[in-house]
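Visitor: sharing a sequence plus its predicted fold:
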Amino acid sequence: MRNICRLLIILTTLAATACGARKTTETQPIEGDTLALRHASLLTIVECGAYSVVDIKSPWNDKLLHRYILTEKGSAPPSDIPEGTLLRLPLENLLIFSTVHSELICNLGRSHSIGGVCEAQYMTQPLLQQRLGEGSLIDCGSTLNINSERVVQLAPEAVWVLPYENGGYGKMDKLPYPLVECADYMENSPLACAEWMRFYGRLLGEGAKADSLFAAVERDYLALRDSIKNHSTDAPTLMCELKNGSAWYVPGGGSTMGQLYRDAGCDYLFAQHDRTGSVPLAFEAVLTRAAEADFWLVKYGGKRKTHKSLLTEFEGYKYFRPYKECNIYECRLSEKRFYEETPFRPDILLRELAAIFHPEIIKNHKPRYYEKMQEQ
């Protein structure tokens, strides 16, 4: 343990003097060629010749959340670079907190760049599961109780974390490794969230591949959205999710799921709540608004549910028309990789939703996430 402490002191000193891993609230504009981002509102990338500057805007106010200075490995950074967290690219030894980002990294062909993960039990990506079993991928514990000794053993070039309002990163705040604050999930549209892959691709040395993948996602998403808009003759009404304790949480109309529902050609019955996150509602409010809904989408983990078993959880479900008509579509999170795959592939999810709401447009679709819930 003494050796670990000595190592931490040495690494902290080195980080303070050489790594440049500092947050900044500097907001003055950077001169250079700004990368044209078509959807992301929280991200700015400016190419300045020998380095690039990436600004991440706080999702909760008008301040700068983080500034990164990107330079290539093997080259001396210019002396006139602005203040910020210095990252030497490509990043090749990462600690990843989120299964969503680990999935993207694998899709960009850089699974070997992930040296460690948190929440290993949720890392369902086959390549990472194999490496965890072999012991070549370090399990650094949970995000709430990270194993500092294993993090020091890993000595990551960067740690990809999820920022929260007024939240810190616990033990990671005391360790000398640069934090990449992945605020993509706070964007207000599916394509805005997905466009962050262009930033992440650059961190991995796969900028061209990420640009190409996003261009394909954007093209397919917009083409399908326009096709639905031009060919659908109605907009079926939609309710979603299940009661959880005393509240019924539904996606806000300003969230990525809220927009996906609209783009899939349905009348999302809770769109008037324009929050970007989830909205807690009382059962009575949901019943008043959605008793006569056409469709009902639910996601859940654990044991498989049926129409019959739903009433053992909450008898009030029987008052909704989709329950009476057996028109509930379920996504079983224990079997489907919904949260891992869809944030950076909203085009796939949009096609799935459109096949449910408008089978006359999307024909012969093989379900990937949602299937009709069984009666018994």
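Guide: Thanks, I have it. Numbering: from 1, shown residues only.

Visitor: how about stretch 163-173: buried residues?
Guide: By neighbour count with 16 or more other CB atoms under 10 Å, stretch 163-173 contains the buried residues 163, 169, 172. Bear in mind the C-beta positions are built from the backbone N, C-alpha and C, glycine included.

Visitor: break the protein into its domains for me.
Guide: As given by automatic domain parsing, the domain ranges for the chain are 2-186, 230-372.

Visitor: which of those has the lowest average pLDDT?
Guide: Between the domains of the chain, the one with the least mean pLDDT is domain 2-186; it has a mean of 86.

Visitor: got TSV for the domains of the chain, with distance to Glu218 too?
Guide: Listed next are the domains of the chain as TSV, based on distance: least, CB to CB, whole Å:
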stretch	distance to Glu218
domain 2-186	7
domain 230-372	8
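
Visitor: so which of these gets nearest Ala194?
Guide: Ala194 lies closest, by CB to CB, to one member of the domains of the chain: domain 230-372, at 5.0 Å.

Visitor: start and end of the closest one, how far apart?
Guide: 27 Å (CA to CA, to the nearest Å).

Visitor: which stretches of the stretch 101-250 of the chain form strands?
Guide: Using DSSP state E, counting those that start in this stretch, the strands found in the stretch 101-250 of the chain span residues 114-117, 138-139, 158-161, 179-181, 237-240, 243-244, 247-251.

Visitor: which one, of those, ends up nearest to Ala76?
Guide: Across the strands of the stretch 101-250 of the chain, closest to Ala76 is strand 158-161 (CB to CB), at 19.8 Å.

Visitor: partners of that closest one in the sheet?
Guide: strand 94-96 (parallel), strand 179-181 (parallel) (DSSP bridges).

Visitor: and the last one, how far from the chain's centre?
Guide: Right, strand 179-181. 14 Å (CA atoms, centre = their mean, to the nearest Å).

Visitor: same question for stretch 301-310.
Guide: Offset of stretch 301-310 from its chain centre (CA atoms, centre = their mean): 27 Å.

Visitor: equivalent analysis for stretch 218-233, please.
Guide: Worked out by CA atoms, centre = their mean, stretch 218-233 lies 23 Å from the chain centre.

Visitor: quick one: buried residues of it?
Guide: Across stretch 218-233, burial judged by 16+ other CB under 10 Å covers 218, 220-221, 224-225, 228, 232.

Visitor: ok, stretch 99-112 next?
Guide: Within stretch 99-112, the residues scored as buried using 16+ other CB under 10 Å are 99-108, 110-111.

Visitor: which one of the residues you listed is nearest to Phe295?
Guide: Once CB to CB is applied, the member of these that ends up nearest Phe295 is Val100, at 26.0 Å.

Visitor: can you list contacts of the lengthiest strand in the chain?
Guide: Ranked by residue count under DSSP state E, the longest strand found in the chain is strand 64-72. With contacts defined as CB atoms under 8 Å, 6 or more residues apart in numbering, strand 64-72 is touched by 20, 23-27, 42, 50-59, 77, 81-89, 163, 179-181, 183, 202-203.

Visitor: in its sheet, what does that strand sit against?
Guide: Strand 64-72 is paired, per DSSP bridges, with strand 52-57 (antiparallel), strand 85-89 (parallel).

Visitor: show me how far the last one is from its chain's centre.
Guide: For strand 85-89, the separation from the chain centroid amounts to 22 Å (computed by CA atoms, centre = their mean).

Visitor: give me the three-state assignment for the residue lying closest to Arg368 once chain neighbours are set aside.
Guide: Spatially, and ignoring its direct neighbours in sequence, Arg368 is nearest to Glu352 (5.6 Å; CB to CB, 6 or more residues apart in numbering). What DSSP: H, G, I helix; E, B strand; the rest coil gives for Glu352 is helix.
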